[in-house]
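[1] Next one to model:
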Amino acid sequence: MDKRNYTAVTEFLLIGLSQYPHLQMLLYVICLVMYLVILLGNSILIIISILDPKLHTPMYFFLGNLSFLDICYTSASLPQILVNFMSEKKSISFTRCALQMFMSLGLGSTECLLLAVMAYDRYVAICNPLRYTIIMNKKLCMQMAAWTWIIGCLNSLAQTILAMIMPFCGNIIEHISCEILALLKLICIDISLNVFIMTIASIVFLITPLLLIFFSYVFILSTILRINSREGRKKAFSTCSAHLTVVILFYGSALFMYMKPKSKESKTSDEIIALSYGVVTPMLNPIIYSLRNKDVKGAMEKILFRNLFFRKI
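    Below you'll find the model as predicted:
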């Protein structure tokens with residue numbers, strides 16, 4: 001494309017879902033309620049995992065990381081989305097767009113790795129229970145959690161810089177947030193390098209962790225089936241069911257977004273999937289872990305009972 005068509009961009013217009021003006025208020029209310037549930041639910045999980053000594057285990061350490069990550073992930077883009085739902089000019093500055101893209105992509109990449117780490121934790125707990133506390137020691141857990149954050153952020157930094165230094169032919173993003181796939185459509189020059197790096201990142205952060213999770217659960221299932229007692233099998237599987245449900249929700253929407261055939265035109269379905277990926281899944285995570293986990297429910301009841309008891313006194 002001719003260089004005369006390049007545009008010096010200082011802000012972007014986010015026009016995703018703007019073709020439904022009569023739904024803007026409804027979408028605002030729904031997303032606001034979901035955001036409050038995300039903040040409340042994940043904050044409660046973090047607090048009880050800190051306050052209850054019984055939850056000072058690798059599984060709940062990683063769950064606390066996941067809850068904190070979900071709060072950060074939704075806070076990176078959802079407040080701006082809420083503002084845009086109620087604004088006539090749905091704009092975001094160039095710098096804020098870059099920061100939003102960096103945070104969303106980095107935290108999404110981190111979650112992919114963290115879910116694989118959590119699957120490995122369940123694999124060790126069920127397949128090698130006698131050595132669980134030795135293998136999953138505090139130092140290893142801290143290192144594994146730290147590296148998921150570092151690697152995820154480095155991937156995001158590279159992709160964000162490479163995208164934002166490119167020349168743009170316009171500033172209208174057909175999406176509800178500064179999502180990298182939507183932004184790449186505005187770049188005037190060849191984006192083969194961007195696409196190549198994104199493909200490598202998709203393999204590293206989507207396919208590879210998913211394969212690790214799959215093989216972890218193959219070994220877990222094999223071990224569970226060898227347990228003689230029905231109660232033992234049920235107890236072993238109950239420790240994994242919440243994580244497996246979260247994996248299916250997260251990777252289902254992520255794979256649809258990043259591995260499906262690319263289209264030059266934005267589709268409403270892409271924006272709905274983006275909302276599901278960025279809002280619905282983080283909202284459901286604490287609910288799933290609370291409903292499917294007796295330890296979490298017990299800790300919540302104990303802390304609530306303790307607070308109510310002391311208030312009466």
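[2] Strands of the stretch 151-300 of the chain, start to end?
    For the stretch 151-300 of the chain, the strands defined by DSSP state E, counting those that start in this stretch occupy 172-173.
[3] What's the separation between Thr148 and Gly170?
    Counting by C-beta to C-beta, to the nearest Å, the gap from Thr148 to Gly170 is 36 Å. Where you see a C-beta, it was placed from the backbone N, CA and C, and this is true even at glycine.
[4] Let me fix that, I meant to ask about Thr199.
    According to C-beta to C-beta, Thr199 and Gly170 sit 25 Å apart.
[5] out of Thr148 and Gly170, which sits in the busier spot?
    Higher neighbour count among Thr148 and Gly170: Thr148, with 24 against 15, using other C-beta atoms under 10 Å.
[6] quick one: that one and Val117 touch, right?
    Yes - contact status for Thr148 versus Val117: in contact at 6.1 Å, counting by C-beta atoms under 8 Å.
[7] pLDDT value on the closest residue in space to Gly106 that isn't next to it in sequence, please?
    Spatially, and ignoring its direct neighbours in sequence, Gly106 is nearest to Ser156 (3.2 Å; C-beta to C-beta, 6 or more residues apart in numbering). For Ser156, the pLDDT comes out at 95.
[8] contacting residues for Ser156?
    101-103, 105-107, 109 (C-beta atoms under 8 Å, 6 or more residues apart in numbering).
[9] what do you get if the cut-off is 10 Å, keeping everything else the same?
    Counting by C-beta atoms under 10 Å, 6 or more residues apart in numbering, Ser156 touches 101-110, 180, 201, 205.
[10] Just the buried residues of stretch 201-210, please?
    201-202, 205-206, 209-210 (16 or more other C-beta atoms under 10 Å).
[11] swap that for stretch 95-104, sorry
    For stretch 95-104, the neighbour count (16+ other C-beta under 10 Å) marks 97-98, 100-104 as buried.
[12] And stretch 185-199, by the same measure?
    Neighbour-count burial for stretch 185-199 [16+ other C-beta under 10 Å]: 185-188, 191, 194, 197-198.
[13] For my notes, please list those in TSV and give pLDDT and distance to Tyr73 for each entry.
    Compiled in TSV, these are given as follows (pLDDT from 0 to 100; distance: C-beta to C-beta, whole Å):
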residue	pLDDT	distance to Tyr73
Lys185	88	23
Leu186	89	24
Ile187	88	25
Cys188	87	30
Ile191	90	25
Asn194	91	22
Ile197	92	21
Met198	90	19
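[14] Can you convert these into a markdown table and add a column each for distance to Leu255?
    Below are the buried residues of stretch 185-199 laid out as a markdown table (distance: C-beta to C-beta, whole Å):
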| residue | distance to Leu255 |
| --- | --- |
| Lys185 | 20 |
| Leu186 | 25 |
| Ile187 | 24 |
| Cys188 | 29 |
| Ile191 | 22 |
| Asn194 | 20 |
| Ile197 | 18 |
| Met198 | 14 |
